[in-house]
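[1] return a 3D structure for these sequence lines:
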Amino acid sequence: MNKEKMNYEQRLLHVTVAAGILFSVIEVMMAIYTNSQAVLMDSIYDGAEAVVLALMVFLVPLLYRPYSERKPYGYSQLESFFLLMKGGFLAAVTIGLIVGNVQMIVNGGNHVDQGMIGWFELFLAVLSAVILIVLLVMNRRVDSPLIKAELLGWKIDVCSSIGVAAAFLCAGLLADTSLAWLSPYVDQIIAIVIAMIMLPQPWRMMKDAFRSLILFAPEEDVTQRIRRLADHEFERYSYEPTFYNIIQTGRKLWVEIYIRNDTNMINVTQLAAIQKQLSSSLQDIYDDVYVEITPDIKEAAG
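    Numbering: from 1, shown residues only. Next up, the predicted model:
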């Protein structure tokens with residue numbers, strides 16, 4: 001089952017890499033033809049994502065290897081490391097593009113065919129929406145942080161392409177107005193706005209990957225959901241949780257729960273039943289969960 005799931009995830013990543021390369025090539029050709037900085041920014045961004053994602057394809061088989069005493073977390077932290085690198089790379093590219101466009105504005109701007117670029121961006125929005133729908137349908141069989149990150153990227157692509165198309169088509173109407181002097185700067189302004197909208201995405205990616213690398217607990221909503229499910233199970237057997245150790249590294253979620261009861265007598269059969277039920281409940285929500293229940297010896301001694 002794991003091998004089948006691994007192969008399916010790799011096929012999904014191949015689709016996203018191929019789509020990213022296709023978009024990058026089309027956008028580079030249009031950027032050269034129109035000399036548009038906004039289109040060039042999109043092409044560099046899509047190309048950079050495709051290159052990083054292509055490297056991640058080779059990482060997937062490692063993520064499905066079982067953990068052991070020598071590697072208690074397996075290779076799951078490698079995924080967080082690559083996501084941290086990807087976020088840093090995309091943040092650097094985005095900042096560089098903002099600086100470049102500011103310099104171009106200072107130097108007098110750039111005249112482009114705004115109508116042509118507007119219709120081209122509408123075409124990209126439709127194409128991005130088609131690819132997003134395909135990936136959403138295919139992703140129902142896996143729960144991968146890599147794929148989730150790509151789905152978020154394609155959603156942003158659809159929205160940004162529609163926004164850019166509207167901006168360029170509206171800017172084409174400035175020619176016969178008092179705002180005609182803005183025309184040489186429209187391309188750079190739109191490119192900077194796109195970059196500013198995209199910039200939080202890699203920062204969030206880096207923040208989540210960094211938390212995972214240093215083995216911090218996941219977001220509060222995740223920990224609260226796990227606590228509610230666990231508390232419900234323990235109440236049925238009169239056990240009381242004393243401490244939750246919840247770690248998310250990559251796609252793996254590690255849940256260790258310390259418990260006690262009033263009699264200081266632990267029924268192993270009951271703990272096994274609780275662990276099985278809790279693992280089953282969490283597997284319905286999260287893809288890869290490991291649950292361990294441990295008697296709290298300090299509490300018992302106290």
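[2] what about the longest helix seen in the chain, average pLDDT?
    Counting residues, the longest helix found in the chain (DSSP state H) is helix 2-34. When pLDDT is averaged along helix 2-34, the result is 81.
[3] next, count neighbours for Ala209.
    23 (other CB atoms under 10 Å). For glycine as for every other residue, the C-beta is placed from the backbone atoms N, C-alpha and C.
[4] could you confirm it falls within a helix?
    Yes: remark: Ala209 belongs to a helix, assigned using DSSP: H, G, I helix; E, B strand; the rest coil.
[5] is it in contact with Leu78, as I believe?
    No: contact criterion CB atoms under 8 Å: Ala209 and Leu78 do not qualify, at 10.9 Å.
[6] separation between the residue of the chain positioned farthest from its centre and Phe243?
    Distance to the chain centre peaks in the chain at Thr263, reaching 46.4 Å (criterion: CA atoms, centre = their mean). Counting by CB to CB, to the nearest Å, the separation of Thr263 from Phe243 is 19 Å.
[7] model confidence at Leu179, what's the number?
    Reported pLDDT for Leu179: 68.
[8] kindly apply the preceding question to Gly109 instead.
    At Gly109, pLDDT is 69.
[9] domain-wise, how is this protein divided?
    Using the TED database, the domain ranges for the chain come out as 1-213, 218-293.
[10] most tightly packed of the ones you listed?
    Highest mean neighbour count of the domains of the chain: domain 1-213, a mean of 17 (counted as mean count of other CB atoms under 10 Å).
[11] wasn't the residue farthest from the centre of the chain part of a strand?
    No: with three-state DSSP as the criterion, Thr263 is coil rather than part of a strand.
[12] for it, which residues are in contact?
    Neighbouring residues of Thr263 by CB atoms under 8 Å, 6 or more residues apart in numbering: there are none.
[13] so how far is stretch 83-96 from its chain's centroid?
    The chain centre lies 13 Å from the centre of stretch 83-96; the measure is CA atoms, centre = their mean, to the nearest Å.
[14] CA-only coordinates of it in CSV, if you can.
    This file holds the C-alpha atoms of stretch 83-96, laid out as CSV (Å, rounded to 0.1, in the frame of the first residue of the first chain):
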residue,chain,number,x,y,z
LEU,A,83,10.4,23.1,2.1
LEU,A,84,12.6,25.5,4.1
MET,A,85,15.0,25.7,1.1
LYS,A,86,12.2,26.2,-1.3
GLY,A,87,10.7,29.0,0.7
GLY,A,88,14.0,30.8,1.1
PHE,A,89,14.8,30.5,-2.6
LEU,A,90,11.4,31.8,-3.6
ALA,A,91,11.6,34.7,-1.1
ALA,A,92,15.0,35.7,-2.5
VAL,A,93,13.8,35.6,-6.1
THR,A,94,10.7,37.7,-5.2
ILE,A,95,12.7,40.3,-3.3
GLY,A,96,15.2,40.5,-6.2
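[15] what sits up against it?
    Contacts with stretch 83-96, where a contact means CB under 8 Å, 6+ apart, come from 44-45, 48-49, 52-53, 56, 145-146, 149, 195, 198-199, 201-206, 208-210, 213.
[16] then stretch 35-52?
    17, 20-21, 23-24, 27-28, 30-31, 82, 85-86, 89-90, 93-94, 97, 100-101, 104, 110, 112, 117, 120-121, 124, 153, 157, 160, 164, 168, 187-188, 190-191, 194-195, 198.
[17] restricted to helices, list the residues you listed.
    Using DSSP H, the contacts of stretch 35-52 in helices are 17, 20-21, 23-24, 27-28, 30-31, 82, 85-86, 89-90, 93-94, 97, 100-101, 104, 117, 120-121, 124, 153, 157, 160, 164, 168, 187-188, 190-191, 194-195, 198.
[18] show me where the stretch 151-300 of the chain dips below the pLDDT cut-off.
    Residue ranges of the stretch 151-300 of the chain with pLDDT under 70: 171-172, 174-177, 179-180, 264, 287, 298-300.
[19] ok, which stretches of it are helices?
    For the stretch 151-300 of the chain, the helices defined by DSSP state H, counting those that start in this stretch occupy 183-198, 200-213, 220-235, 268-283, 297-301.
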